[in-house]
Structures are given as C-alpha cells and as structure tokens.
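Colleague: What shape does this take:
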Amino acid sequence: MKPRSHVVRAFSLIEAIIAIVILSVAIPAMFWAVRDAAERRVEPVMLNRARWLAAEKIEDVLADRANSGRGYGYVVAGNYPEESPVAGFAGFSRQVTIVERGPDLVGPGTGYKVVTVRVNYSGARGAARTFELAAVVTDS
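Modeller: Numbering: from 1, shown residues only. Take a look at the predicted model:
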C-alpha cells in the first residue's frame with residue numbers, strides 16, 4: 001500500500017495581498033452604507049417627536065379655551081411664551097403664534113383665531129428642520 005500524502009494548501013502572499021486590497025475597498029463603502037441607514041432611521045423619529053410636541057401645545061391651547069376660568073379671551077400669543085429648549089427635549093424649541101381673523105371678534109360667532117405651533121429641531125445630519133401644526137379656535 002502507498003502512503004497517502006497530505007497536501008496542505010495555504011494562501012500565497014499574492015492571494016493575501018489581493019484579499020487585503022479587496023477588503024480595503026469594500027469595508028469603507030459598507031460602513032458608509034450602515035451610517036447612512038442609521039441616519040435615515042433617525043429622521044422619522046425626530047419628525048414624529050416634533051409632531052407630538054406640536055400637538056401637545058395645541059391641546060394646551062384648546063384646553064385653555066375650554067376652561068371656564070380662562071376661555072376664549074385667554075387665547076393670545078402672550079400667554080404662550082417660546083420654549084427654547086422644550087423641557088425634557090433638548091434640541092427642540094417651539095413657538096405659538098395666534099392670529100385673529102374675522103370681522104370684529106367682539107360677539108360670539110363673529111370671528112376666530114388661528115393657532116399655529118412651530119417646532120424647530122435639528123435633523124440627523126444637523127440640518128435645521130421645522131414642523132408646523134395649526135388649529136382654528138372659535139368663541140362659540
């Protein structure tokens with residue numbers, strides 16, 4: 001019987017260098033794609049948070065209007081100062097603007113106010129973003 005010869009095949013130096021070159025080209029592109037995907041995943045979360053903060057402030061204004069002690073006359077911009085930053089939400093600020101519309105706003109049903117909440121924040125890549133939400137408030 002013939003003894004079996006065991007041939008061990010290893011990488012040659014040229015094959016190792018070629019593998020290193022291929023990896024050095026592919027790995028940065030993969031890292032860039034992973035970073036880009038992470039940034040894209042953050043944008044909807046930030047927008048949703050801005051939407052929630054705007055809706056929360058609109059609800060505050062509507063609650064003040066419905067409150068028998070405050071009422072429609074309380075809904076003026078001076079009662080809602082700018083929040084910069086919003087408490088508990090670093091990087092977010094919000095402003096309330098109230099514009100009176102209609103003939104005279106003296107008697108019930110003669111006019112209305114447009115309440116707009118603007119939330120400013122920085123996106124994942126540092127770009128300034130703005131979200132606005134508006135509601136109409138009437139006296140009747």
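Colleague: Where does pLDDT dip in the protein?
Modeller: Applying pLDDT under 70 to the chain flags residues 1-5, 7-8, 68, 103-110, 140.
Colleague: Now do the helices in it.
Modeller: 13-66 (DSSP state H).
Colleague: now residue 93: how far from residue 133?
Modeller: Distance, residue 93 to residue 133, by Cβ to Cβ, to the nearest Å: 14 Å. Placement of C-beta: from N, CA and C, glycine included.
Colleague: Of these two, which one has the most company?
Modeller: Each of residue 93 and residue 133 has its neighbours counted (other Cβ atoms under 10 Å); residue 133 has more, 18 against 15.
Colleague: That one and residue 58 touch, don't they?
Modeller: Yes - with contact defined as Cβ atoms under 8 Å, residue 133 and residue 58 form a contacting pair (5.8 Å).
Colleague: okay, and the common contacts of those two?
Modeller: residue 117 (Cβ atoms under 8 Å, 6 or more residues apart in numbering).
Colleague: State the distance from the closest residue to residue 132 other than its chain neighbours to residue 41.
Modeller: Counting by Cβ to Cβ, 6 or more residues apart in numbering, residue 118 is the residue found nearest to residue 132 once chain neighbours are left out, at 4.9 Å. With the distance defined as Cβ to Cβ, residue 118 ends up 25 Å from residue 41.
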